[in-house]
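Trainee: return a 3D structure for these sequence lines:
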Amino acid sequence: MREIDAALVAELVREQFPRWGDLPVRAVARQGWDNRTFRLGGELAVRLPSGEGYVAAVAKEDRWLPVLAGRLPLPVPEPVGAGRPGAGYPFPWSVRRWLPGEPLDAAEGVDPAGVARDLGGFLTALRAAPAAGGPAAGRHCWFRGCHPSVYGDQVGRALDVLGDAVDAAACRAVWAAALTSAWAAAPVWFHGDVAPGNLLTVGGRLAAVIDFGTCGVGDPACDLVIAWTWLGPAERRVFRAAAGLDDDAWRRARGWALWKALATMAGLSGPDPAGHQAAVLRRVLADPVIG
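Mentor: Take a look at the predicted model:
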């Protein structure tokens, strides 16, 4: 596959969207794992899957983001063009409206309590959006929205690998608590990757939510994990109140956070050279955000 760079994007746009063919193309400063994103002029963005495993998200976002957008209190990426393979690039791709703002993990002067409150409200509104016909949780969203037990084997393997490097008894207790309940209501919308890099801020407050590639319909507990990955103790309580989910959901969310931390630390998931997930694990074990 051809390298995904500005030259490729410019060629694809000229071939498939000639009305935008003269607009400058430049890579965004921060990139995630799943897709490569480029600015197209001042108002548009081009988003290309980095591998075949991420292709299904393109059509899913193009189909459902316009449906969700009008029901949410914050902007989400609005699809304006559906690209097809070409110029040596083998996958579908998309053109979206550019949303201004700094990612939460790179912004300065952030109001953490305000972000926690606004994010909880956003997720509450997302759950309230009509879910009929939405994509049921499964492989397309890396099983976010499913029951956390789907990753039980990885938790066990990670604990075996890590040995005395973690408090295995405490980890097993958190995991066991996560498995005692399931989402009993009708399936609802979840984002699936509520991470600081997917939350844009302006003036220190939450301004937009991006990257719905792992969204779907199922159990929303996975969307609460940011309580331990970014929020501090006081803000976790604010988020808990604003998100409006019960203790059982929070126990499952804690299990999701535990799984990701252990799997990463044990080398079963993505790299973490800065040791971020070890800090997450400490917060998960110390604070259940319940009661």
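
Trainee: which residue ranges of the stretch 51-200 of the chain form helices?
Mentor: Taking DSSP state H, counting those that start in this stretch as the test, the helices found in the stretch 51-200 of the chain are 56-69, 112-128, 152-162, 168-178.

Trainee: mind listing what's buried in the longest helix along the chain?
Mentor: In the chain, assigned by DSSP state H, the helix with the most residues is helix 247-265. Under the neighbour-count criterion of 16 or more other CB atoms under 10 Å, helix 247-265 has 248-265 buried. Yep, even glycine has a C-beta here, placed from its N, CA and C like the rest.

Trainee: poorly predicted segments of the chain, please.
Mentor: Along the chain, segments meeting pLDDT under 70 span 30-32, 291.

Trainee: dead centre of it: give me the residue that sits there.
Mentor: residue 193 (1.5 Å; CA atoms, centre = their mean).

Trainee: quick check: it touching residue 210?
Mentor: No - in this structure residue 193 lies outside contact range of residue 210 using CB atoms under 8 Å: 9.6 Å.

Trainee: strands of the stretch 1-150 of the chain, start to end?
Mentor: Here the stretch 1-150 of the chain has its strands, by DSSP state E, counting those that start in this stretch, at 25-27, 35-40, 44-49, 79-83, 93-97, 102-103.

Trainee: direction included, what does the second one pair against?
Mentor: Okay, so that is strand 35-40. Neighbouring strands of strand 35-40 in its sheet, by DSSP bridges, are strand 25-27 (antiparallel), strand 44-49 (antiparallel).

Trainee: reformat those strands as CSV; add distance to residue 140.
Mentor: Output for those, formatted as CSV (distance: least, CB to CB, whole Å):
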stretch, distance to residue 140
strand 25-27, 26
strand 44-49, 13
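
Trainee: check contacts around the residue nearest to residue 24 when sequence neighbours are not counted.
Mentor: Closest residue in space to residue 24, ignoring its immediate chain neighbours: residue 41 at 6.4 Å, by CB to CB, 6 or more residues apart in numbering. For residue 41, the contacting residues are 20, 23-24, by CB atoms under 8 Å, 6 or more residues apart in numbering.

Trainee: among those residues, the buried ones, what's the PyMOL command?
Mentor: To isolate the buried ones among the contacts of residue 41 in PyMOL, judged by 16+ other CB under 10 Å, type:
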select buried, resi 20+23
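
Trainee: make CSV out of the contacts of residue 41 and add distance to residue 181.
Mentor: Output for the contacts of residue 41, formatted as CSV (distance: CB to CB, whole Å):
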residue, distance to residue 181
20, 49
23, 50
24, 51
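
Trainee: check the contacts of residue 41 against residue 48 and report the nearest one.
Mentor: residue 20 (15.1 Å; CB to CB).

Trainee: and the closest one, how far is that from residue 275?
Mentor: From residue 20 across to residue 275, the span is 42 Å (CB to CB, to the nearest Å).

Trainee: same thing with residue 139?
Mentor: For residue 139 relative to residue 275 (CB to CB), the value is 30 Å.

Trainee: for residue 188, same thing?
Mentor: According to CB to CB, residue 188 stands 34 Å off from residue 275.

Trainee: cool, and residue 114?
Mentor: Counting by CB to CB, the gap from residue 114 to residue 275 is 28 Å.

Trainee: excluding its backbone neighbours, what's nearest residue 27?
Mentor: residue 38 (5.4 Å).

Trainee: which ones are touching residue 147?
Mentor: By CB under 8 Å, 6+ apart, the residues touching residue 147 are 179, 182-183, 219, 252.

Trainee: got the contact list for residue 267?
Mentor: Taking CB under 8 Å, 6+ apart, one finds residue 161 in contact with residue 267.
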